[in-house]
Structure formats: C-alpha cells, structure tokens
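J.: For reference, the sequence and a predicted model appear below.
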Amino acid sequence: MAETKTKETEADVYKFISSFASTEQKKKDSYELIKILQDITGEEPRMWGPTIIGFGRYHYKYKSGHEGDAPILGFSPRKAAFSLYIYSDTEKSNSLLSKLGKYKMGKACIYVNKLADINIPVLKELCVESIKYISEHNECSCRKKYND
C-alpha cells in the first residue's frame, strides 16, 4: 500500500507563504485565511507536505484499508488559485456553495482566485460544517468542540 505523502512537517508556515505566494495579494489573502481557519479550529497553522497549510488533525481509514492523518481544514496558495481544503459532501455544504461566490470545485477542494471573490461568512459556515462531518466520521481533536 502506498504511503501518504502529505504529512505534517516542522517547516515554517510564514516563511513558506513569503517564498511561495506569487503576489502581494496572495500573501495578504493567505494571512487572512490563517486567521479565519485558526479562529474556527482553535489550532495553530502547520505545514502538511511542502505546500499545504493545515489546522488540527484527524485520522481517517478507508474501506480499502488505507489510513492516515490529515489536517481538519487547510489551504494552499497555489499560483493559479487558492486550493481550500474545507469541504465535506453534505447537504448543508452543497446548499452553502450556491452562496459562496466565484469558485471552481475539484473532487475534494474548492478553488478561489482571491478572497474578495467569495462570501467570507459562507466560507466560515462551510468550514464549521466540514469540521462537524469530520468529527462524526473520524477520530479527531475537533470532536469535543463541535459536538457539544
């Protein structure tokens, strides 16, 4: 079975943003996303692999037997667009997407060019919904906070 490549590292989040974010706007939006996701999760930002900034951690196990750890929420300030790892396929999340603003959807992530293109309160609701989903289906540090 293949080993998961995206693991938590000791790399400095702010050095990563400084060197990786391609524009000043991308850097500014990255710092704003850190604030938003940190406020929601109560977790410090950590690097996951070389390009993902994650918050918290949970353990997953698929029916295939593959298992590993992943950040509860996360993002990457990629050149073309931000990759937001904040989505869980729930009825509420799908309803919220219609109010999010300008984005594209991948299999498990949302792509946005800049934060000004989206509705931040809806982004926050999507994050909370994702945390609830993850905490109901996986072992995570978020379980107590969002299921009380």
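T.: Structure received.

J.: going forward, measure contacts and count neighbours with C-alpha atoms only.
T.: Will do.

J.: which residue ranges form the strands in the chain?
T.: For the chain, the strands defined by DSSP state E cover 45-48, 52-55, 58-61, 67-70, 73-77, 82-85, 104-105, 110-112, 139-140.

J.: Just the buried residues of the third one, please?
T.: Pointing back at strand 58-61 there. 58-60 (16 or more other CA atoms under 10 Å).

J.: any weak-confidence spans in the protein?
T.: Under the criterion pLDDT under 70, the flagged ranges of the chain are 1-5, 140-148.

J.: What is the neighbour count of K63?
T.: Neighbours of K63 under the rule other CA atoms under 10 Å: 6.

J.: Give the full set of residues in contact with it.
T.: K63 makes no contacts at all, as judged by CA atoms under 8 Å, 6 or more residues apart in numbering.

J.: Would you quantify the distance from it to K114?
T.: K63 sits at a distance of 36 Å from K114 (criterion: CA to CA, to the nearest Å).

J.: related to what we said a few turns ago, out of the strands of the chain, which gets nearest to S130?
T.: S130 sits nearest to strand 73-77 of all the strands of the chain, at 8.0 Å, using CA to CA.

J.: ok, and what's touching that closest one?
T.: Strand 73-77 has contacts (CA under 8 Å, 6+ apart) with 17, 20-21, 26, 30, 37, 41, 51-56, 82-86, 127, 130-131.

J.: Narrow those to just the buried residues.
T.: Applying 16+ other CA under 10 Å to the contacts of strand 73-77 flags 17, 20-21, 26, 30, 37, 41, 51-56, 82-86, 127, 130-131 as buried.

J.: Can you name the residues bridging to G68?
T.: Y60 (DSSP bridges).

J.: Next up, the contacts around I120.
T.: Contacts of I120 by CA under 8 Å, 6+ apart are L100.
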